[in-house]
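Peer 1: This is the structure alone, sequence omitted:
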């Protein structure tokens, strides 16, 4: 009986994780010092399974961390004005994390 209960719990946990998935795609657009971020993350229940955080790194230094408690259908969008972006920087990276499981990162090379 104990083995059946353990097996049932493991099956339920794996089913929950199998429904969770990381964001599918991140699109970044730069216009001067303005960064537009679009995260594609489709979910049947956007109040429970959503883009939880967006983190922006400039030359591997965290400059923005935004937390969400729900998302729009299809994903999350954000716009950031980054004055330091016009200075001598090499990389800009954005990581979007799912409230359930996984994350995705998109990186832009700013200068060679």
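Peer 2: Thanks, I have the structure now. No experiment lies behind these values; they were computed from the predicted model shown.
Peer 1: So what pairs up with residue 79 in the strands?
Peer 2: According to DSSP bridges, the residues that bridge with residue 79 are residue 36.
Peer 1: For it, list the residues it contacts.
Peer 2: 34, 35, 36, 37 (Cβ atoms under 8 Å, 6 or more residues apart in numbering). To be clear about C-beta, it is placed using only N, CA and C from the backbone, and glycine gets the same treatment.
Peer 1: So it versus residue 66, what's the distance?
Peer 2: 11 Å (Cβ to Cβ, to the nearest Å).
Peer 1: now do residue 53
Peer 2: Distance from residue 53 to residue 66, by Cβ to Cβ: 7 Å.
Peer 1: go on, residue 57?
Peer 2: Relative to residue 66, and taking Cβ to Cβ, residue 57 is found at 13 Å.
Peer 1: go on, residue 90?
Peer 2: With Cβ to Cβ as the criterion, residue 90 and residue 66 are 23 Å apart.
Peer 1: hmm, back to that, buried only: go through the contacts of residue 79 for me.
Peer 2: Buried by 16 or more other Cβ atoms under 10 Å: 35, 37, out of these.
Peer 1: Right, I'll call it a day here.
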